[in-house]
Each structure stands twice: as structure tokens, then as C-alpha cells.
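Peer 1: sequence? don't have it. structure:
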């Protein structure tokens, strides 16, 4: 779960307007095209799912929702495999030991993503 420091405004647009620091315990998707008041209303809701696979995976797994949580974990692993094997490997010398090692790690992470994705389909949920 992500945590951040935010300012909470009370008495908006009045003489009594004030800001106080508060912690934001999750991150949610806030549409950028919404007006400021709509964005503020959405950002403070606790019933919305976190935005992004890693934050959602954490939420689901912490609440015992294994299938969707493991599916999101598999997606995060796939993204990590891409970063390790394609992006990072692109910044080292071609044919070097570092490139080879990064590509091996990419394969291992890719296999882990596949195994976690398959496990998500097969997992028995305790009731």
C-alpha cells in the first residue's frame, strides 16, 4: 500500500480556509480531465481500488482476494521482466556478460510471471 503526505484543506474558498498535513494511505486513479473539486472528492474516497497493478495486488492480497491479487502480481512481474531484459539490457554493451545476465534474469522473471498467473487460476480460496 502506498503512503504519501498530502495537504487537507478545510473551509475552502472562505476566510477560514486552512491547510493541514495528512497522510494518504492509498493511491487511487483520479481522472485528470475532472475539475478540481471532482478530483479532490475522488482522491479522498476509501472505497475505490488503488490505481496500478502493484497497489491493486497489495490491496487484493491483504484482503484475501487471491485470484485478482495474483493476476496483478503476474502483470507486475511481466513489467519487471521487460524493464530488466529490454530496457536495462539496452544500456550495456551488446554481447557482454552483463547483457547476457540481464536477459537470463528476464527469462526467469517471465517464467515466474507465467507460474503466478497459472496459480491465480488454480488457487483454492479458504472460506
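Peer 2: Noted; the coordinates are in hand. Being a predicted model, the structure only gives us computed values, none of them experimental.
Peer 1: which residues in this protein form helices?
Peer 2: 36-43, 53-62, 66-82, 97-122 (DSSP state H).
Peer 1: would a markdown table of the ones you listed with distance to residue 88 be doable?
Peer 2: C-betas here are computed from N, CA, C, even on glycine. Compiled in a markdown table, those are given as follows (distance: least, CB to CB, whole Å):
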| stretch | distance to residue 88 |
| --- | --- |
| helix 36-43 | 33 |
| helix 53-62 | 18 |
| helix 66-82 | 10 |
| helix 97-122 | 5 |
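Peer 1: the bottom helix or strand of the protein by mean pLDDT?
Peer 2: In the chain, the helix or strand scored least confidently by mean pLDDT, DSSP states H and E is strand 4-10, which has a mean of 57.
Peer 1: coming back round to it: which one of the helices of the chain lies nearest to residue 16?
Peer 2: Closest of the helices of the chain to residue 16 is helix 36-43, at 17.3 Å (criterion: CB to CB).
Peer 1: remind me which residues of this structure are low pLDDT?
Peer 2: Low-confidence segments of the chain, defined by pLDDT under 70: 1-13, 18-51, 126-127.
Peer 1: Quick check: residue 101 vs residue 87, distance?
Peer 2: Distance, residue 101 to residue 87, using CB to CB, to the nearest Å: 15 Å.
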